[in-house]
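Novice: Mind folding the following:
(2 chains)
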Amino acid sequence: MSETGEGGGKPRILNVGVDLGTSRSSISASNGEKHVIESYVGWPADMVARKVLKKDVLIGAEALENRIMLDLHRPLERGLIKEGSEKDAAAVRELLKHLISLVGLGDKRDGSQVRAVVGVPAEALRVNKQQLRNAMKGFVDSLMIVSEPFAVAYGLEALLHALVIDIGAGTTDFCVMNGRYPTEEDQRTLTTAGDHVDQQLSQLISARYPDANFSAHMVRGWKEKYSFVGDPPEPVKVTAPVRGKPTEFDVTEEMRAACESLLPPVIETMLDLISRVEPEYQARVRNNVILSGGSGLIDGLGAALQEALGEVGGGQVRVVKDPVYVGSDGGLALANDAPASDWEKLAA
Amino acid sequence: MGNLHRIKKRMVRDAIAENILTLRNRRPDRRRDRGRRVALTVARVGFLLGLPAALFGSSYLLSNVADGWVARADLASASRLVRGLAASRLASREERPLDPSLTFAAPKPIDSSVLPLALHKVVLDPGHGGPNRGTAAPQGVPEKELTLDIAVRLRRLLERDGFQVVMTREDDQALSLKERAEIANEARGDIFLSIHVNWISNRRVRGVETYYLGPTDDPYLTELAAQENRDSGYSLADFRDLLERVYADVRQEESRELAEAVQRGLHDSLRKINRGVENRGVKTAPFGVLTRTEMPAILAEVSCLSNDLEASLLVRPSYRQFLAEALFRGVQSYAQGLTRNQTIGS
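Specialist: Below is the predicted model of the structure:
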């Protein structure tokens, strides 16, 4: 582990950045470890399942693979801990515990101190942050919570005259970077994001092929593989059972319509945020739009946003090609840059 | 490089400061200073005015009700300016029309949570005031008097129970909707309750209904919101922001819960002494007074002045006291719900 102050009786310090996502969560640590997991937690549904699985709790891909034997939870909804269920709160804790253990720190931490920066949706309420803080208790020693698009911008060092659009599963987060810590007015959160595309796609396919039998997980898989806006790279054909018989369906138009349903709110919010930038800097911001997040990888999405910028004087949209760790890396960069004396004020 | 280093240092410092405020359960003042906001508002309007006329068309932010509301506030021209670029872009793809069922869902609010919250400070907003008399029965007291009287009674009940109470007005004062929201925000209230008395064209109807902020396609609610939105105090420059708040209000879940608690309190209490009072439910509507408040905010129509029976009941102090007690029970129930959530989350 890395880490400052090794030896001499001083505790070892591990800085981590965490991107707690509705669909996937990632962690980047100062010891060089990086991990991403599916944000699923499952408990064996009964004694038989427990015997088969030989585990009390399953997390991530393992939970998904064994979902039929599990009481499965996706505890983060729109980037926040779900409302009203103790089980979901427990699931978030399991998720965080697992993430921290992946970077080399389990329950026994040998006196190491963990300082974490966690990204949350841009418009997360103060109370949501407090709730997250409670969930992190016991796993980290100090905690800083920042808006997810800010963490992305910080990691990419896009701190001046930039607009970050981070499209995840649960939320689409916007943040204008003006060379200072973003205010409420610089940020937005929409809940039209990847999950919304899944819902639309599922509805459209059901409407066209009422006999097709498919699950939400299958739809999500199809979206991740074939999503596009504009012209399709190739026809989208998927296979789903009809009365038990595997059948191929052409879902090109459904995929297009579902993915393009993201465009109106995203474009309108993007243009509105740019309009709020001081006039002399608007062109610079337009030319420095950064599209991040898993759903930011939808084929043609960056080009569609850039086309929309053309209506107001033109601009450039850059797509973050490897968005998996960009949020957690940004969190880690923040954690590394925060002075030790300030971390003490942020005890978890 | 040195500049970037300075910027990063300042950002880290500010991020830490904000987190410390959250730890202390204080709300960070994350808005820009007023002067800068004014300058940017001017810039924004300029930007919007510069959008080409080609932007006419549908937008995910606009709906019939929003148009109706805006038209009432003489802002109809603004709606044409901001109609969405994106939707028109899609609409232009005539060769592949979208399924009409594929409506672009308005952004949903971020969920409220199992929150370690407590309710301390209640902002009461007696509707109308000054020259804005609200509605009135032909022979009766105007709405502005009734709402103030009920609010004062409710304040007493709340204070007796340990709540802090802030009133947006304590006398026959004219306040714009914007000013009411500003009072609530400056007071850092935990919840905002605007009290109104209804007028329904079908005068046989009597009942209670509670609103929180959101869109509606109900013509009755559109008309009601338009009536209540008179004297809004909002300007053209506020238009975009207002619409956005109607459709993407992050407080919506909390407001809905508060509205449900108050509506339940009202109806459960009133039906004991006012048989046949209708539970007209919890609804969303674009009331201007709810757009700028930064806490869960609702508007309760506690009675119908258009109904002869209720109009006669409303002039009785005992009935107004009963209404105040019913509202009090609703607020209390909401507060207890928060405490329960705290226990679950702890």
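Novice: where does the stretch 1-150 of chain B have low pLDDT?
Specialist: In the predicted model of the stretch 1-150 of chain B, residues B:1, B:25-117, B:138-140 satisfy pLDDT under 70.
Novice: Low-confidence stretches in the stretch 201-346 of chain B?
Specialist: B:215-251, B:339-346.
Novice: Would you map the helices across it?
Specialist: Assigned by DSSP state H, counting those that start in this stretch, the helices in the stretch 201-346 of chain B fall at B:219-228, B:239-247, B:252-273, B:308-314, B:317-345.
Novice: same question, the stretch 151-300 of chain A
Specialist: Along the stretch 151-300 of chain A, the stretches classed as helices by DSSP H, counting those that start in this stretch are A:194-208, A:216-226, A:252-260, A:263-275, A:279-286.
Novice: Do the fourth one and chain B come into contact?
Specialist: It stands for helix A:263-275. Yes. Using Cβ under 8 Å from any Cβ of the partner chain, helix A:263-275 reaches chain B at A:263-268, A:271-272, A:274-275. Yep, even glycine has a C-beta here, placed from its N, CA and C like the rest.
Novice: What parts of the stretch 201-348 of chain A come near chain B?
Specialist: A:203-204, A:207, A:253, A:256-258, A:260-261, A:263-268, A:271-272, A:274-279, A:282, A:307-308, A:311-312, A:334, A:337-339, A:342, A:345-346.
Novice: so A:K55 makes contact with A:V41?
Specialist: No. Using Cβ atoms under 8 Å, A:K55 is not in contact with A:V41; the gap is 11.6 Å.
Novice: When those two are compared, which one has more neighbours?
Specialist: Neighbour count, other Cβ atoms under 10 Å in any protein chain shown: between A:K55 and A:V41, A:V41 has more, with 26 against 16.
Novice: How about the more buried one: what's its closest non-neighbour residue?
Specialist: Spatial nearest neighbour of A:V41, excluding adjacent residues (Cβ to Cβ, 6 or more residues apart in numbering or on different chains): A:A91 at 3.8 Å.
Novice: same thing with A:A135?
Specialist: Among residues not flanking A:A135 along the chain, A:V92 sits closest, at 4.9 Å (Cβ to Cβ, 6+ apart).
Novice: ok, B:R153 - contacts?
Specialist: In this structure, B:R153 makes contact with B:320-321, B:323-324, judged by Cβ atoms under 8 Å, 6 or more residues apart in numbering or on different chains.
Novice: mind putting the residues you listed in JSON lines, neighbour count and distance to chain A included?
Specialist: Listed next are the contacts of B:R153 as JSON lines, based on neighbours: other Cβ atoms under 10 Å in any protein chain shown; distance: Cβ to the nearest Cβ, whole Å:
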{"residue": "B:R320", "neighbour count": "22", "distance to chain A": "34"}
{"residue": "B:Q321", "neighbour count": "16", "distance to chain A": "34"}
{"residue": "B:L323", "neighbour count": "27", "distance to chain A": "30"}
{"residue": "B:A324", "neighbour count": "22", "distance to chain A": "28"}
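Novice: OK, now which residue of the stretch 101-250 of chain A is nearest to chain B?
Specialist: Closest to chain B within the stretch 101-250 of chain A is A:Y181: 3.4 Å, counting by Cβ to the nearest Cβ.
Novice: where's the nearest residue to that residue once chain neighbours are set aside, which helix or strand?
Specialist: Among residues not flanking A:Y181 along the chain, B:D14 sits closest, at 3.4 Å (Cβ to Cβ, 6+ apart). Assigned by DSSP states H and E, B:D14 belongs to helix B:2-23.
Novice: Now do the contacts for the residue lying closest to A:Y209 once chain neighbours are set aside.
Specialist: In space, and not counting its chain neighbours, A:Y209 is closest to A:F249: 5.4 Å by Cβ to Cβ, 6+ apart. Contact analysis of A:F249 by Cβ under 8 Å, 6+ apart lists A:205, A:209, A:212, A:237-240.
Novice: Buried only: go through the residues you listed for me.
Specialist: A:205, A:209, A:212, A:238, A:240 (16 or more other Cβ atoms under 10 Å in any protein chain shown).
Novice: which outside residues touch stretch B:262-270?
Specialist: Contacts with stretch B:262-270, where a contact means Cβ under 8 Å, 6+ apart, come from B:193, B:208-210, B:277, B:279, B:281-282, B:298, B:300, B:302, B:322-323, B:325-334.
Novice: wait, I meant stretch B:163-171
Specialist: Against stretch B:163-171 from outside (Cβ under 8 Å, 6+ apart): B:119-126, B:129, B:148, B:151-152, B:155, B:158-159, B:175, B:179-180, B:183-184, B:187, B:189, B:331, B:335.
Novice: on that earlier part again, just the buried subset of the residues of the stretch 201-348 of chain A next to chain B, please.
Specialist: Burial by neighbour count, judged by 16+ other Cβ under 10 Å, picks out A:203-204, A:253, A:256-258, A:260-261, A:263-268, A:271-272, A:274-277, A:282, A:307-308, A:311-312, A:334, A:337-338, A:342, A:346 from those.
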